[in-house]
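[1] Quick check, what structure comes out for this input:
(one chain, ligands or ions: 1)
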Amino acid sequence: MLLPDTAARTAGDRLSVGGCDLVELAHRFGTPLYVFDEATLRARLRGYREALRQWPAGGEVLYSAKAYLGRAMVGILRDEDCGIDVVSGGELSIALEAGMPPAWIGFAGNNKDAAEVEAALGAGIGHLVIDSDHELDLLAASPRRPSAGALVRISPGIRPDTHDFISTGQLDSKFGFGVDSGQAMVALRRAIGVGAIDLRGVHMHIGSQIFDLRCYPAAIGIAAGLLAAARDELGFVARELSVGGGLGIAYTDDDDPPTPREFMSVVTESVGAVFGERGLPLPALLVEPGRSVAGPAGVALYTVGGRKEIPGVRTYVAVDGGMGDNIRPKLYGARYQPMLAGDAERRPVETVTIAGRYCESTDILAHDVELPRLVPGDVIAVPASGAYSLAMASNYNVNPRPAVVFVGDGRARLVRRRETLDDMLRCEVG
Ligand SMILES: Cc1ncc(COP(=O)(O)O)c(C=O)c1O
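    Okay, here's the model as predicted:
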């Protein structure tokens with residue numbers, strides 16, 4: 001199902017999520033509106049967390065904040081015994097300010113600056129991911145003595161079956177130290193000698209929106225080979241392995257991704273087998289799911305405006321959002337399956353293209369979708385919108401970024417208000 005777990009049809013044949021009628025939410029909070037179903041967020045996190053509880057060496061779920069971050073999200077992570085993976089000083093500040101224990105924070109990203117490295121050390125985070133020689137230089141220059149747990153990010157040379165732009169583990173990638181090239185071993189050797197960190201193991205993240213899980217055993221095998229060599233050559237025994245995130249989700253009915261539990265069983269079986277074969281102790285496992293937690297929990301709501309029919313070509317129906325709140329269709333050619341939020345009696349009768357309101361001809365939310373005849377004021381729901389949409393939102397054309405509500409048990413709480421013109425003017429000087 002594309003909609004969140006709690007989606008249902010209300011008496012008036014309208015869509016509800018978390019016991020809240022979506023059309024009512026749209027009228028109450030305005031559109032575009034992002035609605036997150038708390039039950040789905042929690043269920044997805046538990047899929048990972050419960051599998052890790054069975055893993056003999058323990059481990060942590062570090063939700064990838066880059067998919068969607070806000071204080072309310074951090075609150076849910078804490079409730080569910082999950083940590084967080086951040087990729088900037090800004091995300092780190094929100095995580096800390098919202099009360100995430102530093103030991104449960106990972107910090108990835110390929111070009112942390114001196115202030116970010118210092119912030120991570122100062123907070124004493126659990127999993128600082130070292131991505132470059134420059135970061136090793138910054139760490140080596142720090143007078144702090146073991147302040148943060150750390151991992152070296154490796155690039156295992158695996159190309160998962162996903163869009164090139166979200167594939168990160170192949171040799172030609174800006175992320176991590178190559179294993180084949182010998183750079184990962186050199187980085188481990190250097191990191192062992194850095195006093196400011198407690199080096200715990202290696203990290204990898206091979207890509208995103210992955211359906212074919214066979215790339216994980218392949219990458220884990222490469223990591224185990226490296227760690228066996230590091231044990232033999234450097235006397236370094238890894239205590240932690242991060243396999244990153246990457247599990248895909250369904251954006252349309254054509255998608256059939258594995259579940260978090262299936263992902264975890266592939267990962268744990270593979271780590272158990274290859275670490276055993278190489279005589280390595282089982283490491284604590286870290287997983288960093290982003291899309292597969294936030295994505296299915298989020299629904300974007302838009303109000304329909306005008307339409308343009310080009311006879312024999314196509315019909316455009318315009319909505320009040322678009323690339324400013326969700327740039328994924330433009331950035332990755334992502335596909336969505338919008339649906340009418342009210343009045344399910346109205347059956348699909350035409351194929352239309354849903355256009356955004358931004359002044360770019362490529363601002364299209366969904367091409368060629370079957371929908372009832374839409375009229376101005378209709379509310380449409382776009383399922384699977386929770387990840388990498390708001391997180392990448394912009395004020396393009398001086399449009400305010402949307403509000404966010406979390407729903408559950410029939411209650412809706414506003415967790416981020418819609419921006420105002422004053423918010424957008426705040427940084428103007430002179
Ligand atoms: C280092 C790291 N970890 C985890 C993730 C989360 O990936 P996903 O949202 O595909 O689960 C990303 C996203 O690209 C990432 O860069």
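
[2] hang on, isn't residue 84 packed against residue 100?
    Yes. When contacts are counted by Cβ atoms under 8 Å, residue 84 is listed as touching residue 100 (5.4 Å). Backbone N, C-alpha and C define where each C-beta goes, glycine included.

[3] Between the two, which contacts overlap?
    74, 77 (Cβ atoms under 8 Å, 6 or more residues apart in numbering).

[4] which of the two has more neighbours?
    Between residue 84 and residue 100, counting by other Cβ atoms under 10 Å, residue 84 is the more crowded of the two (29 against 25).

[5] Quick check: chain neighbours aside, which residue is closest to the more buried one?
    With sequence-adjacent residues excluded and distances taken as Cβ to Cβ, 6 or more residues apart in numbering, residue 84 is closest to residue 95, at 4.9 Å.

[6] which stretch of helix or strand covers that neighbour?
    helix 89-97 (DSSP states H and E).

[7] State the mean pLDDT of that helix.
    The average pLDDT within helix 89-97 is 98.

[8] Briefly note if it comes near the ligand.
    No. Helix 89-97 does not reach the ligand (Cβ under 6 Å from any ligand atom); its nearest approach is 11.6 Å.

[9] buried stuff in that helix?
    Neighbour-count burial for helix 89-97 flags 89, 91, 92, 94, 95, 96 (criterion: 16 or more other Cβ atoms under 10 Å).

[10] Can you check my assumption that residue 74 lies in a helix?
    Yes. The assignment for residue 74 (DSSP: H, G, I helix; E, B strand; the rest coil) places it in a helix.

[11] Okay, the residue nearest to residue 84 and residue 406: tell me how far apart.
    18 Å (Cβ to Cβ, to the nearest Å).

[12] thinking again about what came up before, which one among the buried residues of helix 89-97 gets closest to residue 233?
    Distance to residue 233, by Cβ to Cβ, is smallest for residue 92 among the buried residues of helix 89-97, at 33.4 Å.

[13] and that closest one, how far is that from the ligand?
    Per Cβ to the nearest ligand atom, to the nearest Å, residue 92 is found 14 Å from the ligand.

[14] Surely that residue is in contact with residue 122?
    No. Using Cβ under 8 Å, residue 92 is not in contact with residue 122; the gap is 10.2 Å.

[15] who's in contact with the residue in the stretch 101-250 of the chain positioned nearest to the ligand?
    As assessed by Cβ to the nearest ligand atom, the ligand sits closest to residue 245 within the stretch 101-250 of the chain, at 2.6 Å. When contacts are counted by Cβ under 8 Å, 6+ apart, residue 245 touches 64, 85, 205, 208, 287, 288, 289, 290, 291, 292.
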